[in-house]
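# return atomic coordinates for the entry below.
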Amino acid sequence: MNKKLSIVDIANALNVSKTTISFILNGRAQEKRIGSDLVEKVMKYVEEVGYKPNSLAKSLRTGKSNTIGLMVEDISNPFFASIARLIEDRAYKNGYKIIYCSTDNDTNKTKDLITMFRDRHVDGYIIAPPEGIEKEIESLINDGLPVVLFDRHLPYVNTDFIEINNLFSTYNATKHLIEQGFKNIAFVTFASQQTQMLDRVKGYHDAMKSEGLKANIKEIVFNQNEEMIMKPLREFIKTNPAIDAILFGTNHIGTCGLKVMQELDKKAPTDIAVISFDDYDVFALHSPPVTAIAQPVEEIADNVISVLLEKLNNKLSFNKSQSVILKTELKIRKSSVKSR
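Numbering: from 1, shown residues only. Just a heads-up that it's a prediction; the model follows:
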């Protein structure tokens, strides 16, 4: 295997100081008044030997790595995957590459990943934050590193965030079920103190209260293992035979819920009407098609990367945090419409 060339190797081969080679390769030849003939000689040699600079070493010299760390709950989740792809495309067009990772909503794992990104000298952070990382986010901001949160925010951390109106979204979905004549409406969600989940619970609760109906909330511990979600869901549906509609708080719970209903031979909407938060292809193709709260994925991604690029390109904007709240769309399909 051929040895990877270094700046020292190039300097020795051309009988030029390594400092001069470094200035030329980092685009500082004109600033340092290095002659064009020498620049041409060095660049021609570099091309001939196929020299590739060490990106980490370069970032240490220049203070810029042209990379962005993107941390989401689960990169395989259709919602996060779609947003990640859109962010990646826009970032690349602006000279940045994205490094992805999944936090699994785990506080300690997230802290470790932030440390890893720091070691890699990423220029900025896009994070769907779990609970308990306030100090780490504040530390990044205090060190002059831009952070944009999305999907949820940390109430006591002053930084930019992009999210949707979760409270109105579940309020509106619950009202739709009530207008269809459903009364025993349950809300199934993950047990969480995250802002978006609390707002979704409140939206459902407010809609039920406004109609004098009793709320029925089932909280399930977050788990990537579907069976660990389906087991308590199965028990909940079996022990609550009066339920005539369910609003699922996330697409992950929604897909698990549909599988449980199929197991128990429960049909939507005749046995139990269904609405799920987040929309993706499976819901539209399901029989019957599932009513869903669709988040504006393109708008979220565009706002996230726009705010971060503004921070990266204009250090003065660090003093001003933006909070962007976007609207969702209730896509009404057969699973929530009562037969007349």
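
# now do the domain split for the chain, please.
7-53, 63-163+298-325, 166-296+330-336 (automatic domain parsing).

# can I get those domains in a markdown table with mean pLDDT?
Output for the domains of the chain, formatted as a markdown table (pLDDT from 0 to 100):
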| stretch | mean pLDDT |
| --- | --- |
| domain 7-53 | 83 |
| domain 63-163+298-325 | 93 |
| domain 166-296+330-336 | 96 |
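
# just put these in a markdown table and tack on mean neighbour count.
Any C-beta I mention is one placed from the backbone N, CA and C, and that applies to glycine too. A markdown table is the format used below for the domains of the chain (neighbours: other CB atoms under 10 Å):
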| stretch | mean neighbour count |
| --- | --- |
| domain 7-53 | 14 |
| domain 63-163+298-325 | 18 |
| domain 166-296+330-336 | 19 |
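
# element containing Ile237, please.
Using DSSP states H and E, Ile237 falls within helix 226-239.

# which strands or helices does that helix pack on?
strand 185-190, strand 216-220, helix 251-263 (3 or more CB pairs under 8 Å, 6 or more residues apart in numbering; DSSP states H and E).

# quick one: distance of the last one to the chain centre.
Looking back up the chat, that one is helix 251-263. 23 Å (CA atoms, centre = their mean, to the nearest Å).

# leaving aside the residues next to it on the chain, what's closest to the spatially most central residue of the chain?
By CA atoms, centre = their mean, the chain has its centre lying nearest to Val72, at 4.2 Å. Leaving aside its sequence neighbours, Val72 sits nearest to Phe80 (CB to CB, 6 or more residues apart in numbering; 4.1 Å).

# try Ser336
Thr291 is the one closest to Ser336 (CB to CB, 6+ apart), at 3.9 Å.

# just checking, the one you found touches Lys331?
Yes. Taking CB atoms under 8 Å as the definition, Thr291 is a contact partner of Lys331 at 6.4 Å.

# shared neighbours, those two?
Counting by CB atoms under 8 Å, 6 or more residues apart in numbering, Thr291 and Lys331 have no shared contacts at all.

# just the CA trace of stretch 311-330, in PDB.
What follows is stretch 311-330 as a C-alpha-only set of coordinates in PDB (Å, rounded to 0.1, in the frame of the first residue of the first chain):
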ATOM      1  CA  LYS A 311     -25.700  31.800  11.800                       C
ATOM      2  CA  LEU A 312     -22.700  30.300  10.000                       C
ATOM      3  CA  ASN A 313     -22.300  33.200   7.600                       C
ATOM      4  CA  ASN A 314     -23.100  36.000   9.900                       C
ATOM      5  CA  LYS A 315     -21.700  35.800  13.400                       C
ATOM      6  CA  LEU A 316     -23.600  38.900  14.500                       C
ATOM      7  CA  SER A 317     -26.900  37.000  14.300                       C
ATOM      8  CA  PHE A 318     -25.800  34.900  17.300                       C
ATOM      9  CA  ASN A 319     -27.400  37.500  19.500                       C
ATOM     10  CA  LYS A 320     -30.800  37.000  18.000                       C
ATOM     11  CA  SER A 321     -32.700  33.700  18.300                       C
ATOM     12  CA  GLN A 322     -35.500  32.800  16.000                       C
ATOM     13  CA  SER A 323     -38.500  30.600  16.800                       C
ATOM     14  CA  VAL A 324     -40.500  29.400  13.800                       C
ATOM     15  CA  ILE A 325     -43.900  27.700  14.300                       C
ATOM     16  CA  LEU A 326     -45.300  26.100  11.200                       C
ATOM     17  CA  LYS A 327     -48.800  24.800  10.400                       C
ATOM     18  CA  THR A 328     -49.800  21.100   9.700                       C
ATOM     19  CA  GLU A 329     -52.500  19.700   7.500                       C
ATOM     20  CA  LEU A 330     -55.100  17.200   8.600                       C
END
